[in-house]
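Student: Whatever this is, show me its structure:
(one chain, ligands or ions: 2)
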Amino acid sequence: MQRKKRVLVTGGSGQLGTTLGKSVSSVAETIEFVFASSKDLDITDDRSVTDYMKQGDFDYCVNCAAYTQVDKAEADSEKALLINQQGAKNLAKACHAGNIVLIHISTDFVFNGSKSSPYVETDRPSPLGIYGHSKFKGEQEVVRNMERYFIIRTSWLYSAYGHNFFKSMLKYGKEREELSVVFDQVGTPTSAHDLAGIILKIISEEIDTYGIYHFSNEGVASWYDFASAIFEINQIEVDLRPIRSKEYPTPAERPAFSVLDKEKIKKVLKMDIPHWRESLRAVSEILSKESV
Ligand SMILES: NC(=O)C1=CN([C@@H]2O[C@H](COP(=O)(O)OP(=O)(O)OC[C@H]3O[C@@H](n4cnc5c(N)ncnc54)[C@H](OP(=O)(O)O)[C@@H]3O)[C@@H](O)[C@H]2O)C=CC1
Ligand SMILES: Cc1cn([C@H]2C[C@H](O)[C@@H](COP(=O)(O)OP(=O)(O)O[C@H]3O[C@@H](C)C(=O)[C@@H](O)[C@H]3O)O2)c(=O)[nH]c1=O
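Tutor: Numbering: from 1, shown residues only. Ligands and ions are numbered 1, 2, ... in the order given. Here you go, the predicted model:
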């Protein structure tokens, strides 16, 4: 029997790590996964990362570990950089040494939002806040320290698991009569379930066109549009008001426009991507089944 491919997932108990864990049964015959939470493996600890990789005999590492609190990062830049830059560097160096392919997840927040057409992989990052800055630094460490990497930039990730805007809206929608959500930040919501599918496709098909890729669902939305669709699909009645970002002040500035161009990944993986509304329906269904 052929040896199964071995995959390490760092940040295994976060939103994307958990979603990936729920998706792997379809490839269980050929791929074996090890999900490491932050307690099992701290990616900022160089020695632990090296030892863990050496002992694990891994073929792939999917880095789902990150500092993701966009506003908190503004006052906590040291920690954001430690996890998002140094952590990525440690993984890249260990992957390079062990001939392991690294699938590293990054963000639309590396861009400043001044474009008015979808961002392509070659557009120059220019992050507005500490979180985006630390994620860009992480990307640079990966590129600098190894060759066999996929950096997948995604946007507005949500799922049935962990913390995300979708679940916050469902909670607030049930608790409050009125909600205000910004309409002047435009991007694309991305189902973490769809992103998990992309990661599994790259591994199971042994895609070897390494580099930077953009992946989100299809379509364009403001956070207001997204919230409105969440309430509509989940049949929640709430007085939802569109507001400008200046009426919802936050410590971190966010890009006004961060739609990602997906042509490259669609071509390489020979696939279509579902529209965000279609995926929102699917994720809403998963959540309602899981809550029963
Ligand atoms: N969420 C979003 O909207 C978006 C996310 N992304 C990117 O997608 C990726 C996954 O995000 P998501 O799953 O939503 O994030 P989460 O915040 O849900 O999960 C991140 C995980 O990283 C873990 N972690 C933090 N520090 C360390 C460390 N030092 N060592 C090991 N693990 C650590 C956390 O563990 P613990 O809780 O124990 O600290 C947590 O489980 C990230 O790279 C993020 O930047 C990109 C675009 C949008
Ligand atoms: C909860 C809430 C948020 N907002 C605004 C604030 C913000 O501008 C926008 C999104 O809210 P959040 O703060 O929940 O999402 P935010 O943390 O900005 O989401 C980002 O997370 C990181 C990790 C990424 O990589 C990005 O792609 C993106 O998903 O909506 C409202 O207008 N009303 C509300 O009630």
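
Student: Who is the residue of the chain found nearest ligand 2 paired with across the strands?
Tutor: Of all residues in the chain, Thr107 sits closest to ligand 2, at 3.5 Å by Cβ to the nearest ligand atom. For glycine as for every other residue, the C-beta is placed from the backbone atoms N, C-alpha and C. According to DSSP bridges, the residues that bridge with Thr107 are Thr154.

Student: Give me the distance between it and His214.
Tutor: Distance, Thr107 to His214, by Cβ to Cβ, to the nearest Å: 11 Å.

Student: higher neighbour count, the two?
Tutor: It is Thr107, of Thr107 and His214, that has more neighbours when counted by other Cβ atoms under 10 Å, with 27 against 24.

Student: thinking that one is in contact with Ile152, fair?
Tutor: No: counting by Cβ atoms under 8 Å, Ile152 is not a contact partner of Thr107; they are 9.8 Å apart.

Student: quick one, what contacts the residue in the chain that ligand 1 sits nearest to?
Tutor: Per Cβ to the nearest ligand atom, Gly14 is where the chain lies closest to ligand 1, at 2.1 Å. Contacts for Gly14 (Cβ atoms under 8 Å, 6 or more residues apart in numbering) come out as Cys64, Ala65, Ala66, Thr68, Gly162.

Student: same deal with Ala196?
Tutor: Contacts of Ala196 by Cβ under 8 Å, 6+ apart are Leu16, Thr19, Leu20, Lys22, Ser23.

Student: Now that we have those residues, which of them are buried?
Tutor: Leu16, Thr19, Leu20, Ser23 (16 or more other Cβ atoms under 10 Å).

Student: for the last one, what are its contacts?
Tutor: When you say that, I think you mean Ser23. Taking Cβ under 8 Å, 6+ apart as the test, what Ser23 contacts is His193, Ala196, Gly197, Leu200.

Student: So what's the gap between the helix or strand where the second one lies and the chain middle?
Tutor: What that stands for is Ala196. Element membership of Ala196 [criterion: DSSP states H and E] is helix 192-204. Its chain's average C-alpha position is 11 Å from that of helix 192-204, according to Cα atoms, centre = their mean, to the nearest Å.

Student: quick one: is that helix near ligand 2?
Tutor: No: using Cβ under 6 Å from any ligand atom, helix 192-204 stays clear of ligand 2, coming no nearer than 10.7 Å.

Student: Sort out which residues of that helix are buried, please.
Tutor: Within helix 192-204, the residues that count as buried by 16+ other Cβ under 10 Å are Ala192, His193, Asp194, Leu195, Ala196, Gly197, Ile198, Ile199, Leu200, Lys201, Ile202, Ile203.

Student: Now pLDDT too, for these, in CSV please.
Tutor: Formatted as CSV, the buried residues of helix 192-204 follow (pLDDT from 0 to 100):
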residue, pLDDT
Ala192, 98
His193, 97
Asp194, 98
Leu195, 98
Ala196, 98
Gly197, 97
Ile198, 98
Ile199, 98
Leu200, 97
Lys201, 97
Ile202, 98
Ile203, 97
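
Student: sorry, back to before: residues in contact with the residue of the chain closest to ligand 2?
Tutor: Thr107 neighbours (Cβ under 8 Å, 6+ apart): Tyr131, Gly132, Lys135, Arg153, Thr154, Ser155.

Student: Can you tell me the closest non-neighbouring residue to Glu121?
Tutor: For Glu121, ignoring the flanking residues on the chain, the nearest one in space by Cβ to Cβ, 6 or more residues apart in numbering is Ile212 at 4.6 Å.

Student: Dig out what the one you found forms beta bridges with.
Tutor: Ile151.

Student: I'd like to know how far it sits from Gly173.
Tutor: 36 Å.

Student: where does Ala75 land on pLDDT?
Tutor: If you check Ala75, the pLDDT there is 98.

Student: same question but for Gln2, I mixed them up
Tutor: pLDDT, Gln2: 81.

Student: So it: helix, strand or coil?
Tutor: coil (DSSP: H, G, I helix; E, B strand; the rest coil).
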